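Colleague: need a structure here:
(2 chains)
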Amino acid sequence: MSPQAQDQAASLVQSVDWLAIAPPTIAAVVALAVLVADLFVDGRKKALLGWVSVAGLALAALALLPLLDGDRSTFCLTGDADVCSYTADRFTLVIQFLVLGGALLAALLSMTALKDAGKDAGGDTDKALPEGEFWFLLLSSAAGAALLPASRDLATLIVALEVASLPAFALVGIKLGDRKSSEAALKFFLSSVTATAVSLMGVSFVYASTGTLHLTEIATRIEDVDPQLHTLAQAGVVLTLVGFAFKTAAVPFHFWVPDTYVGAPLPVAAYLSVVGKAVGFSGLILVTVIALPSYADVWGPALAVLAALTMTIGNVGALRQRATRAYSAVRLLAWSSVGQAGYLLVPIAAAAYSEDAQKAVGSTVAYALMYAAVNLGAFAVAALVARTKPLNRISDYRGLYASRPLAALVLGFFLLCLAGLPPGIIGLFAKVTVFSAAVEAGLGWLAVVMAVNVVIALFYYLQWTTLLFRAPEGEPESHRVPAPLTAAIALTAVLGVALSGAPQLILRFSDTGLF
Amino acid sequence: MIDINESVMQFLLAFIVVAPLIGAVTALLPAPPGLKGKSPEQAVLRHGTTVTGAVLIAAIVLALGFDHDTPVKAQRMQATTDISWIPALDVRIHLGIDGISLPLLVLTALLTFLCALYSYFKMPSGPSPKAFVALVLVLESGTLATFAVLDLLLFFLAFEMVLIPMYFLIARWGGEQRTQAAWKFILYTLLGSVVMLLGLLLIGIKAGTFDMVALATDNHPALTTSVQVIAVLAIGIGLAVKTPMWPFHSWLPDAHTAAPTVGSVLLAGVLLKMGTYGFVRILLPITPDGMSTFAPYLAAFAVVGIIYGSLACLALAKQGAKGDLKRLIAYSSVGHMGFVLLGIASMTPTGVNGALFANIAHGLITGLLFFLVGALKDRTGTTDLDTLAQTTGAALYGRAPRLGGLLAFAAVASLGLPGLAGFWGEMLALFGAFDPADGLSRPAFLTFMAIAAFGTLLTAAYMLVVVRRVCMGDTSQHAQHSEQGRPELADVRTYEFAAWTPLVVLTVVAGLWPKTLLGLTDPAVQQLLSGGTR
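Modeller: As a prediction, the model looks like this:
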């Protein structure tokens, strides 16, 4: 758009910077296209929809490239061009990359899962997963998740949160006729809706006390709130955070996680574990660091305690999984993802105490990028194993090295990255950034709690890793691995190894300002 | 020394750290044509021997090229490389050696090579040798890196790198109770090292750099005494677990008892040194104030460790105690490391030199002891002292004279007989405690010295009991057994000679010419205690 045209448009209607909003928009448009196309595509060619969705997500991720040159904002107030609802700054781009990349990998996993489900069902359409709907839901949820980090007012934030969540409920319950799946979806839905409602109430309190929804405006106005409304504002702050804490699966809002992950199709669990968390913590960062820096004394200690509880309960939960129980592999990943969420919260809590809040938050972002690549990789290998051993018990992984040496080595690498021990160098340094954020902020006790948790976590990660290299119990059977699954595993493995060689690629976010 | 170009030296040091890693990766790949050997197992074991041999040669050349004649250079870091790696965390690939790290580097390369050579002929029973070789090489790389890096976070990385290989070596190739022992090893040391990380971060963040050389030389006003005290406490706990210092030692006897011979040799010979090296390299120069606060406590714990280790050994060596020889040597290690810690705690050049000397001596002697006990286990199937000795003694002198002679030699060296390597380190550590650094309470250290000296007597006592019970005895009793179908004990084989001779020779050399080693460490130690290494 030329400058003159911009001037003219600004006087009449809000100008929209389409380039800035391209990433979430592309995902949303492709979602609709897939839903419509589903009606016209023959049953045997449904796989095409999957490729279209993958291509759409890749395109959305590529749309981030032109935005790299500088910050852009759109949907600004006509009166004040500095106050905008949508901003594509570095923080937005990184999280959008994380979300879209995560969704892309989950989509690759889903292609195999959908195909297998279709094959198992035979001609029975009731049992097969409905492909068109699946892709639509996945893409819409990804669009919402991509919108969230860019939102700079509370209304957009809540809308984005809901756009990301509502399709996720349906995705969890998409296994038709599966009682566990529907139960998981219901559990997820009820608890999530409660959390959102609480969050909305918090937003209304904040709005009532400040008179604005824009985050930057809230930051300035909340400092001189009428003393009588002080309690209201404080309550609003706490309640708003609840909804996002729920998404991050922070304790005590973590109860839905294990059952939901087990009930959902495996790729959806992988999606929730990464993208769902990204939604949660990016919302938390926006609300705490951008909107409420002056209330750091309220949310700082709260988040620190939350982080300590979350990592401890998550890791203890993972520790208690018995290897022979059905779906114990997914259960363990679910509990461990709760533990990892605790680590993600540490730098956000540290941001309250540190002079340079952006730097601390950058540690969360760096850790999340590492966690996304590695955790999706672990889920990808789990999906591979689940093809031959549908119960997906940890004991099913015994002797994986004998039948699939590469997959076993890669899974071992991912698990050690999650544990944060060499050869998972990137995992180690990501933990080091989180530790250093805590130490820098003077949160020594939290760092010690985290240190103990790292040791607890090592126990179950290493136990699983050891099992991979044990002598197999039966004859190893080999199956052909479908291309999308191979691509997902290879992609995450290459990422993990490359990052281990050059950790600076993601750790630089912990060193520079993101906003 | 021989004159070697500085860039060649740099390359050699980098090669020493990286080559084992590359070797580990290639060990997992199928052997290329032409190197297939008789079988895949043989090929990969030969690969391990070749790689560790190449690293040893590089380490020896590096040692020859190390300038310890020019006084200025002898105090400095040599063969330094300094490349930025992760600017966000301020992590630099900063490598370099001085008189403190060089002996440990060579010791590590030597012991790993001897282990690889020994396994080539006598592979420990367990799963495929492929993984075994790869793990030993990763372990070597981690330990060598620990001694070569000059960046706190890189030091932590190297420190952690040995955990996974050692865990698998114990858990997969070990003896009875290996799973439990391996868990105990990794969980104890990880807990220690994570706490250590907190201390390292505290130092790095307060001072604004993670570079050990910069931290040691420059004066960092941000490192106030209170910061130093916290940092020393955190880092000290991590290092003390690794060393191990009493009361954090309880993982060591289990790990040693369960580990395969090669694992025990590397654990005692090399891994324990990482802990004491950290004390000397990090705590002494960077946080002298914090260190002097804790020095009396460190010395006290060290002395308790000496007495405790000796008493535990005496109890194990008693007839009817069902003492395991490997466990006994492990407890004796606790005692020996106590001397090392006492030397460090004195914070004097004499004491620290003694500690470094005792480090090397312990690596040589205990490595040899574990080799010998491993050989004994291969021959008799047990390391249980009572089963071995039965009523009169195992009579190794009569049944396998060379093996018996070597065992007696190693035991005598371990108890600190003058003229062998074990003597100087302990004596210098005691000297150090006799006259501790200014600011440390002399009466306390005199007491510690007296108790430690008493510990040497106890050490002599249990070592001699072991020699009497294993080497001496009535051959006729065993002859009866052999008539009943028990195989005779084979004496030392050629490959065993090959693996053990270097250790025996070095033990004698270090005992007779301590100056070769002290001449190397002393300039660096003087520099370290007077204001950091340049």
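
Colleague: following the longest helix along chain B, which helix or strand comes up?
Modeller: Among the segments of chain B that qualify as a helix by DSSP state H, the longest is helix B:349-380. Toward the C-terminus, helix B:349-380 is succeeded by helix B:385-389 as the next helix or strand (DSSP states H and E).

Colleague: who are the packing partners of that following helix?
Modeller: helix B:325-345, helix B:349-380, helix B:442-471 (3 or more C-beta pairs under 8 Å, 6 or more residues apart in numbering or on different chains; DSSP states H and E). Heads up, the C-betas are built off the backbone N, CA and C, glycines and all.

Colleague: if you set the cut-off to 6 Å instead, what comes out?
Modeller: Under the contact criterion of 3 or more C-beta pairs under 6 Å, 6 or more residues apart in numbering or on different chains; DSSP states H and E, helix B:385-389 touches no helix or strand at all.

Colleague: residues contacting the residue lying closest to A:Leu59 once chain neighbours are set aside?
Modeller: With C-beta to C-beta, 6 or more residues apart in numbering or on different chains as the measure, A:Ile26 is the residue that lies nearest to A:Leu59, at 5.5 Å, once sequence neighbours are left out. Each residue near A:Ile26 by C-beta atoms under 6 Å, 6 or more residues apart in numbering or on different chains is listed here: A:Leu59, A:Ala60, A:Ala63.

Colleague: can I assume A:Ile26 sits in a strand?
Modeller: No. The assignment for A:Ile26, made by DSSP: H, G, I helix; E, B strand; the rest coil, is helix rather than a strand.

Colleague: look up how far chain B lies from it.
Modeller: Relative to chain B, A:Ile26 is positioned 31 Å away (criterion: C-beta to the nearest C-beta, to the nearest Å).

Colleague: what's the answer for A:Ala380, then?
Modeller: From A:Ala380 over to chain B the distance is 22 Å, taken as C-beta to the nearest C-beta.

Colleague: that residue and A:Ala488 touch, don't they?
Modeller: Yes. Taking C-beta atoms under 6 Å as the definition, A:Ala380 is a contact partner of A:Ala488 at 4.4 Å.

Colleague: isn't B:Glu41 right up against B:Ser128?
Modeller: No. Under the criterion of C-beta under 6 Å, B:Glu41 is not in contact with B:Ser128, lying 7.4 Å apart.

Colleague: just among the contacts of A:Ile26, which is most surrounded?
Modeller: Neighbour counts for the contacts of A:Ile26 peak at A:Ala60, which has 28 neighbours (criterion: other C-beta atoms under 10 Å in any protein chain shown).

Colleague: not counting its neighbours along the chain, what's nearest it?
Modeller: A:Ile26 (4.1 Å).

Colleague: after the helix or strand containing A:Ala113, which helix or strand is next?
Modeller: Following DSSP H and E, the helix or strand that holds A:Ala113 is helix A:90-121. Sequence order places helix A:131-147 as the next helix or strand after helix A:90-121, per DSSP H and E.

Colleague: could you give the angle of that following helix to helix A:90-121?
Modeller: Put simply, helix A:131-147 runs at 170 degrees to helix A:90-121, going by axes from the mean of the first three to the mean of the last three C-alpha atoms, to 10 degrees.

Colleague: counting by contacts, list what helix A:131-147 packs against.
Modeller: Helices and strands touching helix A:131-147, as assessed by 3+ C-beta pairs under 6 Å, 6+ apart, comprise helix A:22-40, helix A:47-62, helix A:90-121, helix A:154-172.

Colleague: which residues does the second one contact?
Modeller: Taking contacts as C-beta under 6 Å, 6+ apart, the residues outside helix A:47-62 that touch it are A:23, A:26-27, A:30, A:34, A:100, A:103-104, A:107, A:111, A:131, A:135, A:139.

Colleague: what subset of those residues is buried?
Modeller: A:23, A:26-27, A:30, A:34, A:100, A:103-104, A:107, A:111, A:131, A:135, A:139 (16 or more other C-beta atoms under 10 Å in any protein chain shown).

Colleague: now these in a markdown table, with pLDDT?
Modeller: As requested, these are exported to a markdown table (pLDDT from 0 to 100):
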| residue | pLDDT |
| --- | --- |
| A:Pro23 | 92 |
| A:Ile26 | 95 |
| A:Ala27 | 94 |
| A:Val30 | 95 |
| A:Val34 | 93 |
| A:Leu100 | 95 |
| A:Ala103 | 95 |
| A:Leu104 | 95 |
| A:Ala107 | 94 |
| A:Met111 | 90 |
| A:Glu131 | 85 |
| A:Trp135 | 93 |
| A:Leu139 | 95 |
